[in-house]
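Engineer: Make a model of this:
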Amino acid sequence: MEPLGSTVSRAELVYRMIRDNIRDCRLEPGTHLVQEELAATLGVSRQPIQQAMLLLKNDGLVVEQGARGLYVAPLDPEAIGHHYQIRLAFDQLAAELVAARAAGSLDFAQELRRRGDIILEEGERARSVGAAEAVSHDVRFHTFLYEQSGNPLIAPAADMHWNFLRRVMVAVLLHAERGPVVWSQHREILDLLVAGKRRKACELVTQHILGAKEALLASLADRA
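Structural biologist: Model (predicted):
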């Protein structure tokens, strides 16, 4: 029996490698995942590949098609809608909590502004680098708000949904440029949160997320 630590560590590394390739669309929807080929490419045995595949199936990134084997999950509009429903709830909650903290503490509001502006500036620059990099900074902005909410359960609970949604966002950005709208709204959201305006911040967050969902679904429909 292998030591538990080394087995878990190897499987986790394999999981992250394959997950990141799926999220950034280097492994496109519908790609057949042959475990023997993956093991040879990554220089590992089949055991960590099998463990990684179980985790990826739980994330909704990999699907099993009977005797045909494992495939990168398709971009399913219904599943996208379900994930966006959950994401909307997380972002609305985070916005309410962050705005309340900013309204109650000038020091918190100033630090929120300082750190938020850095993320916004880096995100604007990332737009010219590529879709995967731009989406990575988009996720960073929203994760920052989760972390600033004061509720430590929001960010880890949202991770699974971001694993699913990142690749959808990358796939769409490869075909449709929404960067200017996204980052303009990010800045407006930050301004409202720093000012402690909970209601207006939540309204804009709702508009931001529902708008993104509709743009993604429309782009997928056009490509289909």
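Engineer: Only C-alpha atoms from now on, for both contacts and neighbour counts.
Structural biologist: Fine.
Engineer: can you map out the helices along this protein?
Structural biologist: Counting by DSSP state H, residue ranges of the helices within the chain are 4-23, 35-42, 46-59, 77-104, 106-126, 131-148, 154-173, 179-194, 198-223.
Engineer: so how far is Val139 from the residue most central in space within the chain?
Structural biologist: The chain has Trp162 as the residue nearest its centroid, 2.7 Å off, counting by Cα atoms, centre = their mean. According to Cα to Cα, to the nearest Å, Trp162 and Val139 sit 8 Å apart.
Engineer: Can you flag the weakest of the helices of the chain by average pLDDT?
Structural biologist: Per-segment mean pLDDT for the helices of the chain reaches its minimum on helix 4-23, at a mean of 79.
Engineer: Could you give the separation of that helix from the chain centroid?
Structural biologist: Distance, stretch centre to chain centre, for helix 4-23: 18 Å (Cα atoms, centre = their mean, to the nearest Å).
Engineer: rewinding a little: so can I have JSON lines of the helices of the chain showing distance to Tyr71?
Structural biologist: Output for those, formatted as JSON lines (distance: least, Cα to Cα, whole Å):
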{"stretch": "helix 4-23", "distance to Tyr71": "11"}
{"stretch": "helix 35-42", "distance to Tyr71": "11"}
{"stretch": "helix 46-59", "distance to Tyr71": "10"}
{"stretch": "helix 77-104", "distance to Tyr71": "16"}
{"stretch": "helix 106-126", "distance to Tyr71": "30"}
{"stretch": "helix 131-148", "distance to Tyr71": "21"}
{"stretch": "helix 154-173", "distance to Tyr71": "15"}
{"stretch": "helix 179-194", "distance to Tyr71": "30"}
{"stretch": "helix 198-223", "distance to Tyr71": "19"}
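Engineer: So the chain: which segments form each domain?
Structural biologist: 4-72, 77-223 (automatic domain parsing).
Engineer: residues in contact with stretch 111-118?
Structural biologist: Contacts to stretch 111-118, defined as Cα atoms under 8 Å, 6 or more residues apart in numbering, come from residues 102, 141, 144, 148, 190-191, 194.
Engineer: let me fix that: stretch 135-149
Structural biologist: 90-91, 94-95, 97-98, 101, 112, 116, 119-120, 122-123, 126, 152, 154-155, 162, 166, 169-170, 186.
Engineer: Quick one: buried ones out of these?
Structural biologist: Buried members of the contacts of stretch 135-149, counted by 16 or more other Cα atoms under 10 Å: 90-91, 94-95, 97-98, 101, 112, 116, 119-120, 123, 126, 154-155, 162, 166, 169-170, 186.
Engineer: from memory His83 sits against Leu165, does it?
Structural biologist: Yes: applying Cα atoms under 8 Å as the test, His83 and Leu165 come out as touching, 7.4 Å apart.
Engineer: more neighbours, these two?
Structural biologist: Leu165 (24 against 18; other Cα atoms under 10 Å).
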